[in-house]
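Q: Sequence and predicted structure, then a few things I'm wondering about:
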Amino acid sequence: MLKATNLPVPRLAVNLAALRASMATHPMRGAMLLGSCVGAINCLICVPLALAAMALLTPQQLGGSAAASLEGAGTSMMFWMAVVWAPLFETVLGHWLPIELLRRFKVPAMVCMLASASLFSFGHVMNGAGILHGSMTFIAGCTFAASYLIARSMGPGPAYVAAATAHASSNGLLLCLSLLFPALG
């Protein structure tokens with residue numbers, strides 16, 4: 001019989017302390033690393049949920065995509081729009097601006113994250129997204145806002161870089177998946 005005392009306990013607190021110390025000495029590098037990891041985690045969360053929704057719901061129930069305007073664009077234009085321009089622009093409007101405004105009023109971090117994610121998702125829905133794209137962008141908005149809030153202790157610059165990098169890496173991975181499996185798009 002296994003007892004709790006027999007199980008190996010990971011030294012997570014020590015590793016997190018070392019990570020924080022490393023991020024404090026190199027904040028931009030740490031913010032980019034954090035953002036890259038958060039973007040990959042976002043894909044691991046959203047892709048299975050999207051595939052399940054696509055299997056269970058009809059296309060009419062799913063609705064459109066905010067990225068439908070990129071349908072006829074070439075790969076380089078899609079890369080530019082999804083991986084470079086959109087993360088830089090949307091991070092300002094969807095994460096930096098609402099979180100920094102709410103922080104000035106001493107709003108709790110969880111409320112800042114949910115407000116930022118709601119605004120981020122609302123922006124995509126207003127651009128033509130349906131229920132699937134809207135819900136996926138809300139989840140993504142939560143993860144991007146969380147990366148912003150985690151890196152915020154290093155200043156607004158590294159926080160912006162963390163959220164924009166998370167957004168760019170998530171969009172980049174999704175773009176690669178859509179190019180590898182065009183039938184899913």
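A: Nice, I can see it. Keep in mind that this is a model prediction, so the values were computed, not measured. Residues are numbered from 1 along each chain as shown.

Q: List the buried residues of the strand or helix carrying Ala117.
A: Using DSSP states H and E, Ala117 sits in helix 109-126. For helix 109-126, the neighbour count (16 or more other CB atoms under 10 Å) marks 109, 112-113, 115-125 as buried. Using the backbone N, CA and C atoms, a C-beta is placed for each residue, glycine as well.

Q: The next helix or strand after it: how far from the chain's middle?
A: Helices and strands here follow DSSP H and E; after helix 109-126, the next one along the chain is helix 131-151. Relative to its chain's centre, helix 131-151 lies at 5 Å (CA atoms, centre = their mean, to the nearest Å).

Q: Could you pull out the helices in this structure for me?
A: Under the criterion DSSP state H, the chain carries helices at the ranges 12-25, 27-56, 59-62, 75-79, 86-91, 97-104, 109-126, 131-151, 156-180.

Q: nearest to Ala68, of those helices?
A: Closest of those to Ala68 is helix 131-151, at 9.3 Å (criterion: CB to CB).

Q: And the closest one, what's buried?
A: 132-151.

Q: Equivalent analysis for stretch 154-161, please.
A: By neighbour count on 16+ other CB under 10 Å, the buried set for stretch 154-161 is 154, 158-161.

Q: And the furthest pair within these?
A: So, the buried residues of stretch 154-161 by CB to CB: farthest apart are Met154 and Tyr160, at 10.6 Å.

Q: Let me know the distance separating the residue lying closest to Ala117 once chain neighbours are set aside from Thr91.
A: Distance criterion CB to CB, 6 or more residues apart in numbering; nearest residue to Ala117, sequence neighbours excluded, is Gly141 at 3.2 Å. In this view, Gly141 and Thr91 are 10 Å apart by CB to CB, to the nearest Å.

Q: wait, Tyr160 sits on Leu97?
A: No - using CB atoms under 8 Å as the test, Tyr160 is too far from Leu97 to be in contact (10.5 Å).

Q: Low-confidence stretches in the chain?
A: The model of the chain has pLDDT under 70 over residues 1-16, 19, 66, 69, 184-185.

Q: Sounds good, over and out.
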